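> With the sequence up front, the predicted model follows.
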Amino acid sequence: MDKHEAWEIVRHRVEVFDKFQAYIYCDRLQDLLVYNQSVGRHTSLASRNSTASNSDGFSTTNVKAIIYLERIQYIQRGASSAGHRSARNYNELRATRPKNPTDNCDRQQRQLEIYYCADRPRSKYLYKHISFQLTKRDDEFEKWVKALYTVIEEAKNLDDAGKKNRWLLREYEKLRAPSEALTFDSINGWLNSHIGIVGARSHIENFIKEQQTFRESNDITYSVFKATYNHFIEMQQIDLIKIYMPNLFEEKNISLMTFASRINNKDTSLVQHELAKIKEYFKLMDNQKDITPSECINYLWSDANSVFDPISRTMCHEDMNQPLNHYWISSSHNTYLVGNQYRSPASVHCYIQALLKGCRCIEIDVFDSKTGAEPEVTHKNTRIKPIPLRNILETIHDYAFVTSDYPVIISIENHCSAAQRTRMAEMLIETFGEALVQSPLSPNETCYPSPNQLKRKILLKDTKNNSSSSMELNTDLSSQGLDGHLEIFDFSKQKWFNYSYSFDDTTVSFCKYPETNKQQNSDEDFSDDEIEKKLPDDELKQIWYHKTMSHKDAQTILLSNAGYEPGTFLVRKSSNRNCYCVTFLALDSVPKSIEIIQEKSNDGKTLYSLAQKKFESIPSLISYYRTYDFAETVKESTNTKVYRLGKPLPHANWRQELQRQPWYQPTLSRKQADELLRDTAEDMTFLIRESSKRTGQDSTLSIYINRAVRHIPIYRDGTDLMAMSLSFTSLVEIVSYFSRHAIFGKSCLQKPAKSYSDFINEQQKNEANQVHNDIITSKSLEDNITLKVDTLRVAKVDYNQNDQLVLVQLYIDEKYKKECERYCFKFDSIKDCGNFTTMCFPAPSPLSYHDDSSSTLSLSSSSKTSTASLTSLQQSQTCKTDLDKLIIYFQVVKSKNNFKEPKQLREKIKSFQEMISLGHIKAYGFCSNDTESMISFNRDHFTRVYPVFSLNSISSSNFEPLLYWLTGCQLVALNFQMPDRPMHINAGRFAANGSCGYVLLPNYIRSQSENLPKPDTVSMIMKIRVIAARHLRTNQSKSISKLNVKATIISKPKLGGDKQIYSITINHPWRMLDSKPSRNHDHIQAYKSFQSDNSECDLLYFEVYTDNEEFCGQRAIPLSSLRPGIRSVALHDKFNEYLDMSALLVDIQFETV
């Protein structure tokens, strides 16, 4: 379908079934899909737009889901009873499924579910979604779906200029959404949060006022916003380039040849190629010899100048005709899991997401259905709700080859009976048909077929000729399984949370269950608006609010303090009328008072206005009219007078008010603030102290959260203050605002820290009384806790006979630590408590419970519940089924107790079709102790490495994959749902070769030639420096004042340590200086040298954090795909999603030794 025709279809509003006044449409200017719905006044959905009232007097609110088209990941269609299928070719897929009597409703076939990634860093693995049924019928509906796919494809393939313009327009619309207009304050805050400008409000205001469009329209239009952004970002970037490329800016334009040479660090062999790329990017004529500084900046940050070689990143360029085992293959472990290994939900959408990310080996753990129906997938001996196997197989069928045409391997952990295994084989053949490999490709094979030969094929991996007793070594139910469950009290949140626990010889580990009582709306979040606690207007904390005052008193104050500067203003409450007034100096230096009109909206909100425009708060009104003019009609005339508010006049007692605040401790140093807050150890305890070290910084807001102290800079910006990219008039207003609005995640400021003098007095008193030096603290709970058993000490035990609950208070006693952590556990019964205490204290325990009758009972009488052995749980009769006939190329050989060392692998495994599957602990021993034997085995066979499920891996944490890749292990399976460093490295590895999921192994692994250089003998020196960063953001902070950028070579452990890590601190990108700036910029010019002894396997890993350790972005890049020169590094979030416009600029040089 032509894109113009597609847009003509989707741009019109389409009504939605079963929703009150709901419709959906696409916006071409911003590439948006907009779902708009009118809901009742008492709905739980947050309002984003103004309210409306219908003819019946029923109050309604418009709520929107605004989805970026390029962030739509996939679309499902169909009735839930029949299982959703891909909407792209739904009718064909539906025809292949057995008929379901409940699957006849025509409307249900028009049910769509759109899964998308929101425009902010993700905190959960699964994508968000909205679901709806369109009112279109038959052919019109099919055309609409097809058109939607067309416009999504166009949005995903915009060029860099188009992406930048689209991003700017979206930012403009988001910024103006709350009040439908921008202000100087809002633009100043936005520039601070996105490009790090601090203390430039007056410059920004003057630049905007100089724009002709603003002068003519008295409005900050998109063109004014764009011009402002381009002006300041260009100033910023030119300052940086003058430091790094001082010879480029001798004239207004820049020589193309000089620019191309400088990008490649004057490597003459690459200049002509770079020159051609630049001309292609800007579509320049052959005779054009120069470009502008603005074009120079755009190219440096562009995707065309990526440090990740565009050929490697976008094209499958490697030889795909090698045997299948000659490739690293992107592999997933327990693919069905959304979160941890014990109680997280399971979902077919996990398979979709893994396959769309290029994963080529996915796992299913299959069990007999409890209802006797078809097999189902779950995690053994856990509380995970099973999924029908058929639904998973259909999902794999729909999405297996969307991202890559190369074969998909289904790794089966089979716990089924013989009858269910036969049924499983039938389902596999029914679902995949000819795509399923059911016999060898040729009769006399001696090695694996190639990826090209197996394109769009499904391969099965399982243990052949055995039942469920033939599990992999260290299968997920280990002898170190879960030992029990309890509740732990979070003292900071004053709430109990459910945990499971497991013991080993020296530690006990706790894993938090996900909270299930939180209701989630199926249509996801329609708005990003924050829920806040409203303050009465009498409690306005702005410095310009003078409380109750007459006009005469206000006039006297203005004339005596303001120096007759027009626009100077204050806000007061009238002394003789129940209203608020703005009193200000007009152009003739005459004080004027105008009433702020209050009225109720249809939904009961109080609105404020000076003219026609209405605001939800007085501060919003004041901010607006400090940017725009407002008019007053002259009495007995049609003429109007125009005014604009200027500087605020502080109320008389603002300094005294500040000094009275318990949180204001101006004389504290950072070290003292840390000491005081850590002693309190209660989340969201805070204080404000003065700052003198950083230029432009007025104060610092110090907050204790998650066992750390965060320091938020507060800048002086003219007469205003700026914190978290928001403008305020005083420190009191800042505290008031963040006591009602979230400052970190969903947390607001809670209570002030005690005074430092009280803290010192308490310490001295304790020392005088010879109190034990240990301080027992209660800290906020983490999701995963590991405690050493020998450090546990009992404080108190309580037993309630009514509900049989047992409470045990413990503390951790470790030498050389001043702070001792306190925990309070709750058990459902004496037996449960006895199990736990027996494992903690094997000897007779002194624990006892106390009730009202003071009776005593030993809690150590119960012995540890014995755990059934793995063998007894898995014993069943060995039999051969039809499923065994489908296991062609991936026949797992039982490795438990069969192989003590890698040399035995080649001795006992002969057929190339046989392979081994190892838990990562045993695989580590094999790969580190006998590298040559593992490489030799993997030349002809497959090895799969997977995370061992134990007390330390309940949370789905991953292991570092590099060691296993180095020895040729092809299927290194990781938990894709875990956003940790190993998954970032895995994503970087398989982003190469066009993200097809297959990366060719290094030649030293594939070839048996003795003439090849061995790894660790050819060294490469890489020099790197970080030049700049732009458009960074975090989950929590709304501004970033200081960055820590870390670059690490992911290499063989022997080369690890500090020598392989490069860190740099950036004091906001506006000046790009570290904490000790020098005039000659020597600190910026310095390179850091890295050594790699295996550049075919090693990777370069970037991590970016704020100085408060908040994550901003990451990127892993194989050294083999790295380009030298001054290049851009596009950053990804923790789940490896692209972050719009977020990037680093780096300079890289290579030297071969």
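Structure's in. What do you need? Quick caveat: nothing in here was measured; it's all calculated off a predicted structure.
> In the longest helix along the chain, which of the residues would be classed as buried?
With secondary structure taken from DSSP state H, the chain has its longest helix at helix 222-244. For helix 222-244, burial by neighbour count (16 or more other CB atoms under 10 Å) applies to 224-229, 232-233, 236-238, 240-241, 244. Placement of C-beta: from N, CA and C, glycine included.
> Check which helices and strands it sits against.
Contacts defined by 3 or more CB pairs under 8 Å, 6 or more residues apart in numbering; DSSP states H and E place helix 222-244 against helix 160-176, helix 184-195, helix 201-210, helix 212-217, helix 293-300, strand 1020-1030, helix 1068-1071.
> Identify all contacting residues around the very next helix or strand once past that helix.
Using DSSP states H and E, the helix or strand that directly follows helix 222-244 along the chain is strand 254-255. Applying CB atoms under 8 Å, 6 or more residues apart in numbering, the contact partners of strand 254-255 are 248, 289, 290, 291, 292, 293, 296.
> Out of those, who's the most crowded?
Highest neighbour count within the contacts of strand 254-255, by other CB atoms under 10 Å: residue 296, with 23 neighbours.
> That residue and residue 254: what is the separation?
From residue 296 over to residue 254 the distance is 5 Å, taken as CB to CB, to the nearest Å.
> again with residue 64
Separation of residue 64 from residue 254 (CB to CB): 44 Å.
> Which one of those two is surrounded by more residues?
Neighbour totals were compared for residue 64 and residue 254, and residue 254 leads with 22 against 17 (other CB under 10 Å).
> Got the confidence number for the more buried one?
On pLDDT, residue 254 comes in at 84.
> that's a helix at residue 906, yeah?
Yes: membership of residue 906 in a helix is supported by DSSP: H, G, I helix; E, B strand; the rest coil.
> hmm, back to that, as TSV, the helices and strands packed on helix 222-244 with mean pLDDT and distance to residue 691 would be great.
As requested, the helices and strands packed on helix 222-244 are exported to TSV (pLDDT from 0 to 100; distance: least, CB to CB, whole Å):
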stretch	mean pLDDT	distance to residue 691
helix 160-176	90	28
helix 184-195	84	17
helix 201-210	90	19
helix 212-217	86	34
helix 293-300	88	32
strand 1020-1030	87	23
helix 1068-1071	48	14
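> which one of the ones you listed lies closest to residue 1049?
Closest approach to residue 1049 among the helices and strands packed on helix 222-244 (CB to CB): strand 1020-1030, 7.6 Å.
> Run through the neighbouring helices and strands of the closest one.
Strand 1020-1030 sits against helix 222-244, strand 1043-1050, strand 1061-1066, helix 1068-1071, helix 1082-1085, strand 1088-1092, strand 1099-1106, strand 1138-1152, with contacts defined as 3+ CB pairs under 8 Å, 6+ apart.
> how far off helix 222-244 does the last one point, in degrees?
Here strand 1138-1152 runs at 20 degrees with respect to helix 222-244, directions being taken by axes from the mean of the first three to the mean of the last three CA atoms, to 10 degrees.
> If you compare the directions of strand 1138-1152 and helix 184-195, what angle comes out?
In terms of direction (the same axes, to 10 degrees), strand 1138-1152 departs from helix 184-195 by 40 degrees.
> Please apply the same query to the second one.
With the same axes, to 10 degrees as the basis, strand 1043-1050 and helix 184-195 are set at 20 degrees to each other.
> neighbouring strands for strand 1043-1050, and are they parallel or not?
Sheet pairing here is set by DSSP bridges, and for strand 1043-1050 it gives strand 1061-1066 (antiparallel), strand 1099-1106 (antiparallel).
> Ok, which of those strands comes nearest residue 650?
Among these, strand 1099-1106 comes nearest to residue 650, with 31.6 Å by CB to CB.
> rewinding a little: could you give the angle of the longest helix of the chain to helix 160-176?
Orientation note: helix 222-244 sits at an angle of 120 degrees relative to helix 160-176 (the same axes, to 10 degrees).
> Can I get the helices and strands packed on helix 222-244 in a markdown table including distance to residue 642?
Putting the helices and strands packed on helix 222-244 into a markdown table (distance: least, CB to CB, whole Å) gives the following:
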| stretch | distance to residue 642 |
| --- | --- |
| helix 160-176 | 22 |
| helix 184-195 | 17 |
| helix 201-210 | 15 |
| helix 212-217 | 13 |
| helix 293-300 | 36 |
| strand 1020-1030 | 39 |
| helix 1068-1071 | 35 |
